[in-house]
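Peer 1: Fold the following and give me the result.
(one chain, ligands or ions: 2)
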Amino acid sequence: MDYSKYSVIVVGSGFFGSVIAERVASELKKEVLVIEKRNHIGGNCYSEVDPETGIEFHTYGTHIFHTSNVKVWDYIQKFTEFNNYYHQVLTTFKNKVYQMPINLETINQYYGLNLKPFEVESFLEKEKAKDRIDHPPRNFEEKAISLIGRPLYEAFIKGYTKKQWNKDPKELPEFILNRLPIRKNYNESYYYSRWQGIPKDGYGKIFERMLSNPLITTVLNTNYFDIKDQIPKDTILIYSGPIDQYFDYKFGKLEYRTLRFEKESHPYDDFQGTSVMNYAEETVPFTRIHEPRHLHPERTYGNTTLTIKEFSSLDDGSNPYYPINDKRNTDLVKVYRKEADALENVYISGRLGDYKYFDMHETIDAALTLFENGIREKLK
Ligand code: FAD
Ligand code: UDP
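Peer 2: Ligands and ions are numbered 1, 2, ... in the order given. Modelled structure (predicted):
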């Protein structure tokens, strides 16, 4: 293959790489090569149809698109329409089902009360006073207890978090909890975002459309590290794989969390009545059960449903999904970042490249920003 004809080589066809490739081709009219090691485009957002039930599911875990960022919303709509799916999550604790994120219904149901919104604050204050800490929260556990008190934390957060991260919540940073709002009303929406939904014809089509420009060549089943010596040194490289791997782990390995999924079909048209049911207790080995038919209320599926149990574990290097932002990894990534920033013509970014817990809209925003504030100028 002649790598010298490409102005930009992009490693990874997830949102980060695909947005950059699309922008360079359609805005700057330059040739781009996208290298993807998997046998499909789309990174972790990929979706496929289960052959047995005909139900579309997200191969690497349920992905709900949500954003309040106008720039991202305007951009993504060029490539897909969204359905009217609205994300709501429930959690099972001791064989009872509760609303998640914790809202007034969760609190009232758990304590057997009928508090009004204006009574919640003083009620939780009394619960929190039992575990008062005299300094700002220093970790995930302290933050959770300072928000909702120990009983709700132990029921709905502690076990789930331990299973999800394989770490004691005391070792995790408090910001992970910022993803999970605590509500003193009956609002059941998982997100506060202005727009949300699932692509009407699946995530795969978004990536097909993004990469359809004739100036973009995509090669699958190709690992960048196997061909990197053939790439001319002055080519602009956008790398969206793990940052530590780019540097051959020379300062040590970053840890990632991975997921394992168990698919099952059932002879009913509805198994659990919702797309995601969390399981709060540590003794239940999986974190949640997905039922993907609920992601597409606008579609008609048959009478057999599909469920997917999600198990979380530390990655052995084969399938890195989630950066683990504890102190060791946060310190280590700063060392790699310094090296990355010193490189000429190489941009290391995306969820694995930045080692950040980006949602899709944040990944798209980061790619659009890099294009506008770096790549556009560089390729002029
Ligand atoms: P990725 O999607 O990981 O893409 C990176 C690509 O690079 C991959 O295709 C990989 O194969 C390829 N690659 C890596 N190394 C090499 C190499 N050496 N050579 C060639 N190719 C390589 N976001 C939301 O907004 N809502 C959600 O509900 C949501 N749920 C999620 C659930 C799970 C389980 C996970 C893991 C993430 C979820 N996200 C969600 C986040 C979303 O997946 C990311 O924001 C997005 O996929 C990041 O895109 P990316 O391009 O940075 O990385
Ligand atoms: N969380 C929890 N109980 C739940 C759901 C979430 O304790 O039922 C915590 C958990 O620590 C998780 C964090 O809240 O890592 C953020 O949840 P989110 O659903 O955003 O995680 P995702 O799976 O999307 O990364």
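
Peer 1: which parts of this protein sit against ligand 1?
Peer 2: For the chain, the residues in contact with ligand 1 (CB under 6 Å from any ligand atom) are 11-17, 35-38, 43-45, 60-65, 223-225, 240-241, 259, 321-322, 350-352, 358-361, 363. Using the backbone N, CA and C atoms, a C-beta is placed for each residue, glycine as well.

Peer 1: where does the residue in the stretch 251-380 of the chain that ligand 2 sits nearest to fall, helix, sheet strand or coil?
Peer 2: Of all residues in the stretch 251-380 of the chain, residue 278 sits closest to ligand 2, at 3.9 Å by CB to the nearest ligand atom. State at residue 278, reduced to three classes by DSSP: H, G, I helix; E, B strand; the rest coil: strand.

Peer 1: List the residues that contact it.
Peer 2: Residues near residue 278 by CB atoms under 8 Å, 6 or more residues apart in numbering: 89-92, 100, 160, 287-288.

Peer 1: if you look at those, which of them are in strands?
Peer 2: Within these, residues falling in strands by DSSP state E are 89-92, 100, 288.

Peer 1: Identify the farthest-apart pair in the residues you listed.
Peer 2: Spanning the widest gap among the ones in strands among the contacts of residue 278 are 89 and 92, at 11.1 Å by CB to CB.

Peer 1: shared neighbours, these two?
Peer 2: Taking CB under 8 Å, 6+ apart as the contact rule, residue 89 and residue 92 both touch 277-278.

Peer 1: Strands of the stretch 1-150 of the chain, start to end?
Peer 2: Along the stretch 1-150 of the chain, counting by DSSP state E, counting those that start in this stretch, strands occupy 8-11, 32-35, 47-49, 56-58, 65-67, 89-93, 96-100.

Peer 1: Out of those, indicate the one that is most buried.
Peer 2: strand 8-11 (a mean of 26; mean count of other CB atoms under 10 Å).

Peer 1: For residue 159, see how far away the residue of the stretch 251-380 of the chain closest to ligand 2 is.
Peer 2: Between residue 278 and residue 159 the computed distance is 10 Å (CB to CB, to the nearest Å).

Peer 1: can you check residue 61 too?
Peer 2: 20 Å.

Peer 1: Ok, residue 200 next?
Peer 2: To residue 159, residue 200 is 36 Å away according to CB to CB.

Peer 1: More neighbours: those two, which one.
Peer 2: The neighbour comparison of residue 200 against residue 159 (other CB atoms under 10 Å) goes to residue 159, with 19 against 15.

Peer 1: Run through the residues that contact that one.
Peer 2: Residue 159 sits in contact with 280-283, where contact means CB under 8 Å, 6+ apart.

Peer 1: any idea how far the closest residue to residue 138 other than its chain neighbours lies from ligand 2?
Peer 2: The shortest distance from residue 138 to any residue other than its chain neighbours is 7.4 Å, reached at residue 174 (CB to CB, 6 or more residues apart in numbering). Going from residue 174 to ligand 2 by CB to the nearest ligand atom, to the nearest Å gives 11 Å.

Peer 1: As a check, name the ranges of all helices in the stretch 101-250 of the chain.
Peer 2: Along the stretch 101-250 of the chain, counting by DSSP state H, counting those that start in this stretch, helices occupy 104-111, 117-129, 140-148, 150-152, 159-165, 203-210, 224-227, 243-246.

Peer 1: Which parts of the stretch 201-350 of the chain are strands?
Peer 2: For the stretch 201-350 of the chain, the strands defined by DSSP E, counting those that start in this stretch occupy 216-219, 236-239, 256-266, 276-279, 288-290, 305-314, 322-323, 346-348.

Peer 1: and residue 47, what are its bridge partners?
Peer 2: Using DSSP bridges, the bridge partners assigned to residue 47 are residue 58.

Peer 1: Next one, pLDDT for it please.
Peer 2: pLDDT recorded at residue 47 is 94.

Peer 1: doesn't residue 203 make contact with it?
Peer 2: Yes: with contacts counted by CB atoms under 8 Å, residue 47 reaches residue 203, the gap being 4.6 Å.

Peer 1: what sits in contact with each of these two?
Peer 2: By CB under 8 Å, 6+ apart, residue 47 and residue 203 have these common neighbours: 58, 63.

Peer 1: tell me the phi and psi of the closest residue to residue 302 other than its chain neighbours?
Peer 2: Distances taken as CB to CB, 6+ apart put residue 54 closest to residue 302, at 6.3 Å, once the chain neighbours are dropped. With angles defined as degrees, to the nearest 10, residue 54 sits at phi 80, psi 10.
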